[in-house]
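[1] Turn this into a model:
(one chain, ligands or ions: 1)
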Amino acid sequence: MDPSPTEVLAQALVDVGSRLHRAGLLPATSGNLSVRRDPDCVLLTASGLDKGRLRPSDLLGFTPEGEALGRMLPRPRDGAALRPSAETALHLQLYRRDPSVGAVLHVHGEAATVLSMVAEGDTLVLTGFELLKALRGVTHHDAQVALPILDNDQDMEALAAQVEARLDAAPGVPGYLLRGHGLYTWGADLAEAERHVEALDFLFRCKLRLRQEGWR
Ligand SMILES: [Zn+2]
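    Model prediction:
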């Protein structure tokens, strides 16, 4: 029997998790990953799972408005109960804000974590790098991509309100940083969101290296 569309999408998300975990961007069960299945359903990784060992059944469904739809694929015999991630609200707000968002990836890379703590101010400006062209809508290395940096907060409602205000003020931005925490980025589909993670992580490492060498 052919896999269902939900199974195909869940497997694609599991594969992204495995690659990003191997790249060191999802250490120690951190981060969370989601994909829009249809206008009324987002599949999102449950809390506390090792992203290098995800299974398609480890995803929970939510409407973009926040209603929990439960496990979207049958629970395996050895499967434990799934808890929603604390950061569910930060994913869902991105799907609500923009119907063109098809996937959201939240990673805890080392470069993003360090840069967000040493950067002055509340914005990280990336410019002059050829790889900026991997970001949606960027066609020139001289483009200025200004990523909002927000102070980390364990109060998700308060944090979501801050994110909303910063994204309203920066239309078209492909992601944001949480200080000492990590990166949120998104795309029209999983492939674009994964490309954004890889490009931004590379740019963060370049930026950090330049800083460490005292060149910028
Ligand atoms: Zn996180």
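[2] neighbours around residue 152, how many?
    The number of residues packed around residue 152, counting by other Cβ atoms under 10 Å, is 13. For the C-beta atoms, the positions are set from N, CA and C on the backbone; glycine is no exception.
[3] repeat for residue 81
    Around residue 81 there are 7 residues (other Cβ under 10 Å).
[4] In terms of secondary structure, what does the lengthiest helix in the chain contact?
    Using DSSP state H, we find that the single longest helix of the chain is helix 190-212. Applying 3 or more Cβ pairs under 8 Å, 6 or more residues apart in numbering; DSSP states H and E, we find helix 190-212 packed against helix 5-22, strand 103-107, helix 110-118, strand 123-126, strand 182-187.
[5] one more time with 7 Å
    Applying 3 or more Cβ pairs under 7 Å, 6 or more residues apart in numbering; DSSP states H and E, one finds that helix 190-212 contacts helix 5-22, strand 103-107, helix 110-118, strand 182-187.
[6] what's the shortest one in contact with?
    Surrounding strand 103-107, the residues in contact under the criterion Cβ atoms under 7 Å, 6 or more residues apart in numbering are 20, 25-26, 31-36, 87, 91, 94, 182-187, 189-190, 193-194, 197.
[7] Summarise which helices and strands the helix or strand bottoming out on mean pLDDT in the chain is packed against.
    Least confident helix or strand of the chain, by mean pLDDT, DSSP states H and E, is strand 68-71 with a mean of 90. If you count contacts as 3+ Cβ pairs under 7 Å, 6+ apart, strand 68-71 packs onto strand 59-62.
[8] Can you give the distance of the strand it packs on from its chain's centre?
    Centroid separation for strand 59-62 versus its chain: 16 Å, with Cα atoms, centre = their mean, to the nearest Å.
[9] Then stretch 17-24?
    Chain-centre distance of stretch 17-24: 13 Å, with Cα atoms, centre = their mean.
[10] Name the residues of it that come out as buried.
    Buried positions in stretch 17-24, judged by neighbour count with 16 or more other Cβ atoms under 10 Å: 17, 20-21.
[11] Of those, just say which sits nearest to residue 151.
    Nearest to residue 151 among the buried residues of stretch 17-24: residue 20, at 24.5 Å, using Cβ to Cβ.
[12] If you tally nearby residues, what's the number for the nearest residue to that closest one once chain neighbours are set aside?
    Nearest non-adjacent residue to residue 20, counting by Cβ to Cβ, 6 or more residues apart in numbering: residue 26, 5.2 Å away. Using other Cβ under 10 Å, residue 26 is surrounded by 30 other residues.
[13] how close does residue 26 get to residue 118?
    22 Å (Cβ to Cβ, to the nearest Å).
[14] cool, residue 38 as well?
    Note on residue 38: its distance to residue 118, by Cβ to Cβ, is 41 Å.
[15] Also residue 206?
    For residue 206, the distance to residue 118 - Cβ to Cβ - is 15 Å.
[16] So those two - more neighbours on which side?
    Legend: neighbour count by other Cβ under 10 Å for residue 206 and residue 118, higher for residue 206 (16 against 10).
[17] Okay, now the unreliable bits of this protein?
    Scanning the chain for pLDDT under 70 picks out 216.
[18] So residue 69 is in contact with residue 40, correct?
    No: assessed by Cβ atoms under 7 Å, residue 69 is found out of contact with residue 40, at 8.8 Å.
[19] Lovely, talk soon.
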